[in-house]
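>>> Quick one, fold the following:
(one chain, ligands or ions: 2)
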Amino acid sequence: MQKCVIELKNIEKRFGPVVANDGINLQINRGEILCLLGENGSGKTTLMNMLSGIYQPDGGEIYADGKPVAIRSPKDAFDLNIGMIHQHYHLVDVFTAAQNIVLLDEDGKMDMSAVNSRVSEICSKYGFDIDPKMKVYDMSVSQKQTVEIVKILYRGAEILILDEPTAVLTPQETDKLFAVLRNMKKDNKAIILITHKLAEVMDVSDKVAILRKGKYVGTVITRESDPQKLTDMMVGRTVSLNINRPEYQNPQDKLIVEGLTCLNYEGVKKLDNVSFTAKTGEILGVAGIAGSGQKELLESITGLYPVKAGSVRFINEDKSETELVGKTPGEIRKIGVGMGFVPEDRLGMGLVGSMGMTNNMMLRSWRKGKGIFFNRKNPEKLARKIWDDLEVVTPSTTFPVRRMSGGNIQKVLVGREIASNPPVLLTAYAVRGLDINTSYAIYNLLTDQKMKGAAVMYIGEELDVLLELCDRILVLCGGKVSGIVDARNTTKEEIGFMMTSVGGIKGGDRK
Ligand SMILES: Nc1ncnc2c1ncn2[C@@H]1O[C@H](COP(=O)(O)OP(=O)(O)O)[C@@H](O)[C@H]1O
Ligand SMILES: [Mg+2]
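Numbering: from 1, shown residues only. Ligands and ions are numbered 1, 2, ... in the order given. From the prediction side, this is the model:
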């Protein structure tokens, strides 16, 4: 059996004017874990979708076991033993794991006991941990992902493609997944893992193929490379991966949250008795599995989400306190609580699409009710600073923001919030989807604000960044505060346990 199962030569794919893939070469081998590394939008998903039969290339050739092939449909891919786990799962909620696994089986016969035993066999062979009889709606994200993987193995996949599978996992779940991948590798399967996390690349892969802006940069052997080299290849120039974490002298309480409880429209508790204090000169990180109450926390503090019980007190310069619960978002902003929240709809967050950057800067300062930006010179200066610092791609500061790309709109939104110097700065998902350079520029701007004495809250997705950037980390679990730890003296593992069980009791149950 030859080692190379699939080879891509000079693959090209365009979407209208966008060249998503241009001259890509890739060799996929049995018994090997290949990471496909690249920044957002570099063409990773598009390339793999051509192997799984979702798109057809506009140019180039694909070889399977040395012979040229055309993969015109998912069925063609499957006939070549290629299986892909997409970022969004395709499971039927009301079915059990086993029922989902056989759903795509063509002969249609449902001898469930035979299915269950075959599923159990696959699970024990590779080290999966699922109950075939469990219903999908009772499963955690990680369990659903496991079902997707077992599903394609059940159908006989030899070449497995996983598109950013760890984005939704805790560190412990990621370790488990990697153990499974290593078992598959031992079983001589070919594995392609898409990721943009360097620590994972270094941990699990044998080789790394790097894409940059749709182009193929090269393939390197992991143990002959290092995170800095990989980043430089990914970005195309040298990027500093250091986050500076200076210590602020004498932090003071700035925002005191006590017993904050919020219900959603169905009466379900989204925040449950949340208490903490945010201090001046500090970045307080917030970690948690997606949907653990992060969004509700930020929105309830800023007056956008109804509060059932509890208080949020803002400490004024003269040490007097102002209760924020019950105030409107506009009033809370005026008091000095700024929010850089990056939702799906970036234009919904107080940017006017038809205006350019400069006018959008003025908009923010008018709302704040202060006169400092009333001449045009300051907003223009501010717009230019954001344009430079965050490398906003726009022809001018008057170019309508609506016509910028999503990532650039996000830079304007987050940059403006940071630059308005609020005493309390709340940010959520500020770097989601941005490239590495801009992400690090934003970390630096947040640290600048902290050293100017702002109380900064940073709700983030990447634990590595939370650990390096923040002073303390608050961990949410199911709407409760699982714990607050000193970021300088904790580990990913400790936070991972706290994410899945309140208080972080080892071996605690997730559901
Ligand atoms: N169906 C599509 N239609 C138009 N453009 C697309 C489509 N899919 C991807 N693109 C574009 O192709 C480029 C590469 O995207 P993608 O493969 O998703 O990147 P990655 O997975 O590396 O983040 C991006 O510029 C993206 O906007
Ligand atoms: Mg992708």
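>>> In contact with Met451: list those residues for me.
Contact analysis of Met451 by CB atoms under 8 Å, 6 or more residues apart in numbering lists Pro246, Tyr248, Gly281. Bear in mind the C-beta positions are built from the backbone N, C-alpha and C, glycine included.
>>> Tell me how this protein divides into domains.
Domains of the chain are assigned by automatic domain parsing as 4-235, 253-500.
>>> Quick one: closest of the ones you listed to Asn242.
domain 253-500 (8.4 Å; CB to CB).
>>> Pull the distance from that closest one to the chain's centre.
Centroid displacement of domain 253-500 relative to its chain, using CA atoms, centre = their mean, to the nearest Å, is 16 Å.
>>> Now name the helix or strand holding the residue lying closest to Ile418 once chain neighbours are set aside.
Distances taken as CB to CB, 6 or more residues apart in numbering place Leu445 nearest to Ile418, at 4.8 Å, with adjacent residues excluded. Assigning secondary structure by DSSP states H and E places Leu445 in helix 436-451.
>>> burial measure for the residue nearest to Ile418, as a count.
Residues lying near Leu445 (other CB atoms under 10 Å) number 22.
>>> list the contacts for it?
Asp389, Gly415, Ile418, Ala419.
>>> So which of these are in helices?
If you go by DSSP state H, the contacts of Leu445 have Asp389, Gly415, Ile418, Ala419 in helices.
>>> Filtering these by proximity to ligand 1, which remain?
The subset of those within reach of ligand 1, by CB under 6 Å from any ligand atom, is empty.
>>> Please pick the buried ones from those residues.
Among the ones in helices among the contacts of Leu445, those classed as buried by 16 or more other CB atoms under 10 Å are Asp389, Gly415, Ile418, Ala419.
>>> bridging residues for Lys215?
Counting by DSSP bridges, Lys215 is bridged to Asp22, Arg212.
>>> Between the contacts of Leu445, which sits nearest ligand 1?
Proximity of those to ligand 1 (CB to the nearest ligand atom) peaks at Gly415, which lies at 22.2 Å.
>>> Name the nearest residue to that closest one, ignoring sequence neighbours.
In space, Gly415 is closest to Ile386, 3.6 Å off (CB to CB, 6+ apart).
>>> per-residue pLDDT, that neighbour?
Ile386 carries a pLDDT value of 86.
>>> With the one 10 residues further on instead?
Ser396 carries a pLDDT score of 87 in this model.
>>> Wait, it touches Gly356, no?
Yes. Using CB atoms under 8 Å, Ser396 is in contact with Gly356, at 6.8 Å.
>>> Could you check which of those two has the larger neighbour count?
Comparing Ser396 with Gly356 by other CB under 10 Å, the one with more neighbours is Gly356, at 21 against 10.
>>> mind listing what the more buried one touches?
Ala383, Ser396, Thr397, Thr398, Phe399, Pro400, Val401.
>>> can you check Ala157 too?
Counted by CB under 8 Å, 6+ apart, Ala157 has contacts Phe78, Asn81, Ile82, Gly83, Lys189.
>>> now do Met84
Met48, Asn49, Leu51, Ser52, Ala77, Ile152, Leu160, Ile161, Leu162, Asp163.
>>> Counting neighbours, which of these comes out on top?
Neighbour tally across these (other CB under 10 Å): the maximum, 27 neighbours, falls on Ile161.
>>> ranking the domains of the chain by mean pLDDT, which is last?
Across the domains of the chain, the lowest-scoring stretch is domain 253-500, with a mean of 87.
>>> can you tell me the distance between the two ends of stretch 453-470?
End-to-end distance for stretch 453-470: 14 Å, by CA to CA, to the nearest Å.
>>> So is the helix holding Leu445 next to ligand 1?
No. Judged by CB under 6 Å from any ligand atom, helix 436-451 and ligand 1 are separated, with a smallest distance of 13.1 Å.
>>> Please enumerate residues in contact with stretch 263-275?
Contact with stretch 263-275 is made by 257-262, 293, 296-297, 300, 305-306, 308, 310, 476, 478-481, as judged by CB under 8 Å, 6+ apart.
>>> change it to 6 Å
Val257, Glu258, Gly259, Leu260, Thr261, Cys262, Gly293, Glu296, Lys308, Gly479, Lys480, Val481 (CB atoms under 6 Å, 6 or more residues apart in numbering).
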